[in-house]
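[1] any chance you could fold what I've pasted below:
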Amino acid sequence: MSVFRPAHENALAIPKAPFMTDIARLFQAFLAPALFVSATALLILSINVRLMGIVSRLRQFVHAKHDAARNNRAQEAEAYTAQIGLIEQRAEMIRRCFLLVLISLAGTIVACLLLGVGLYWKEAAAAAVVVFVLAMICLLGGTFYYIREVVVALSSVHNEACDARFMDLGTPSGIRRHDPL
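    Residues are numbered from 1 along each chain as shown. Now for the predicted structure:
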């Protein structure tokens, strides 16, 4: 085994500037959590659409219940009251889901910033790991609420279809002529 190295071999080894490697690491630190930010933002968009649908349906049922009560259709008003309760439960699940996913998004952004600072201050990098893990736990919790709401939504539609109080009520409440008196 020879310890001899030609002089030209050492001459080719150009030391890297520490500044350039720090910049590359900084971009890596920002890019990795940015992928989670993008995915979380898409989930938030989906949750928002779902929440808008639930709120629209809730408003429709509240107006229909008020119309039924005003026109002395007590059985129909009771049916709408029951459905309003179920929709409010779904809205609460989506609200919790929305909140947890938004916390996850904020945590991911904070982790991204801490990773950038962590290049120069090691304690910030350790804090970034903790914040990121907590953000992922919140994202998981939000996803479980979302799954639960989807399951409840399907059973809610089934219950509404099977509710005899909605059957044979005549003209649908959205098309009924309102009595001016």
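
[2] show me where this structure has helices.
    Taking DSSP state H as the test, the helices found in the chain are 7-12, 18-70, 74-118, 122-162.

[3] which strands or helices does the second one pack on?
    Other elements packing on helix 18-70 under the criterion 3 or more CB pairs under 8 Å, 6 or more residues apart in numbering; DSSP states H and E are helix 74-118, helix 122-162. C-beta: built from backbone N, CA, C; applies to glycine.

[4] what is the neighbour count of residue 157?
    For residue 157, the number of neighbouring residues by other CB atoms under 10 Å comes to 10.

[5] how close does it sit to residue 116?
    Taking CB to CB, to the nearest Å as the measure, residue 157 falls 47 Å from residue 116.

[6] need the winner for burial among the helices of the chain.
    Mean neighbour counts were taken over the helices of the chain using mean count of other CB atoms under 10 Å, and the top value, a mean of 19, falls to helix 74-118.

[7] elements contacting it?
    For helix 74-118, the helices and strands in contact under the criterion 3+ CB pairs under 8 Å, 6+ apart are helix 18-70, helix 122-162.

[8] so the shortest one versus helix 18-70, what angle?
    In other words, helix 122-162. Computed with axes from the mean of the first three to the mean of the last three CA atoms, to 10 degrees, the direction of helix 122-162 lies at 20 degrees from that of helix 18-70.

[9] same for helix 122-162, what does it pack against?
    The contact analysis (3+ CB pairs under 8 Å, 6+ apart) places helix 122-162 against helix 18-70, helix 74-118.

[10] out of those helices, nearest to residue 141?
    The closest of those to residue 141 is helix 74-118. By CB to CB, the value is 4.7 Å.

[11] quick one: distance of that closest one to the chain centre.
    7 Å (CA atoms, centre = their mean, to the nearest Å).

[12] no more questions from me, cheers.
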